[in-house]
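K.L.:
what would the 3D arrangement of this be:
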Amino acid sequence: MRRIAVCPGSFDPITLGHIDIIKRASKLFDKVIVLISANAAKTTSFSYTERLDFIERATPDLDNVVIDILDGLLAEYVKDVGAIAIVKGLRAVSDFEYEFQMALANKKLYEGAETVFLTTSAENMYLSSSVVKQIASFGGDISHFVPSCVLEDIKTRLVKEIKNEY
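P.N.:
Below is the predicted model of the structure:
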């Protein structure tokens, strides 16, 4: 039996914190599906296709990682692909409250949807896509926060978005 995990997120944009969780999950499971999913509470800066491209470019050395896109219910997707776990990264206690609620809802929708929480590495505890967007919007250096292979693409888009607002 292959142990498949789904690692969902908006990944808008992918950060080194995301990469850390994906790499660690890839060591625990036979296959990890990094799932770019919609979040109605967030406005995205990058299209699904761009985010998929960024993740592919940032994870070429992870043979058991595949990327997919979802515009629907996570629990149904997990069931459809035969996954045994949903992997979520936690930075702080504030993340846990929201993620715990989501884990319970997913479990109610599909009993086989076990959620596994991985705590972030200490150097990434403060890191989020929102932080990256804010720093980039003011012209700050985001090279310590995102994979170098996608840095220029991310900077170009985020700086362009800010210029268009004025």
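K.L.:
where does this protein dip in pLDDT?
P.N.:
Judged by pLDDT under 70, the chain has its weakly predicted residues at 1, 160-166.
K.L.:
could you tell me whether V87 really is in a strand?
P.N.:
Yes: under the criterion used here (DSSP: H, G, I helix; E, B strand; the rest coil), V87 sits inside a strand.
K.L.:
show the contacting residues for it.
P.N.:
Contact analysis of V87 by C-beta atoms under 8 Å, 6 or more residues apart in numbering lists A5, V6, C7, I21, A25, F29, V32, T115, V116, L118. Placement of C-beta: from N, CA and C, glycine included.
K.L.:
now the helices: where do they sit in this protein?
P.N.:
When assigned using DSSP state H, the helices of the chain occupy the ranges 16-28, 48-58, 74-81, 93-109, 129-137, 151-165.
K.L.:
so which of those helices comes closest to K42?
P.N.:
In this view, the helices of the chain are compared for proximity to K42 by C-beta to C-beta, and helix 129-137 is the closest at 8.6 Å.
K.L.:
separate out the buried members of the contacts of V87.
P.N.:
Among the contacts of V87, those that count as buried by neighbour count (16 or more other C-beta atoms under 10 Å) are A5, V6, C7, I21, A25, F29, V32, T115, L118.
K.L.:
is it true that T119 touches A92?
P.N.:
No: taking C-beta atoms under 8 Å as the contact criterion, T119 and A92 are not neighbours in contact, 9.5 Å apart.
K.L.:
the two: which is more packed in?
P.N.:
T119 (15 against 11; other C-beta atoms under 10 Å).
K.L.:
enumerate every residue touching that one.
P.N.:
Residues touching T119, when contacts are defined by C-beta under 8 Å, 6+ apart, comprise G89, L90, R91.
K.L.:
quick one on the thing from earlier: make JSON lines from the contacts of V87 and add distance to E97 to it.
P.N.:
Formatted as JSON lines, the contacts of V87 follow (distance: C-beta to C-beta, whole Å):
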{"residue": "A5", "distance to E97": "22"}
{"residue": "V6", "distance to E97": "21"}
{"residue": "C7", "distance to E97": "20"}
{"residue": "I21", "distance to E97": "18"}
{"residue": "A25", "distance to E97": "22"}
{"residue": "F29", "distance to E97": "25"}
{"residue": "V32", "distance to E97": "25"}
{"residue": "T115", "distance to E97": "14"}
{"residue": "V116", "distance to E97": "17"}
{"residue": "L118", "distance to E97": "17"}
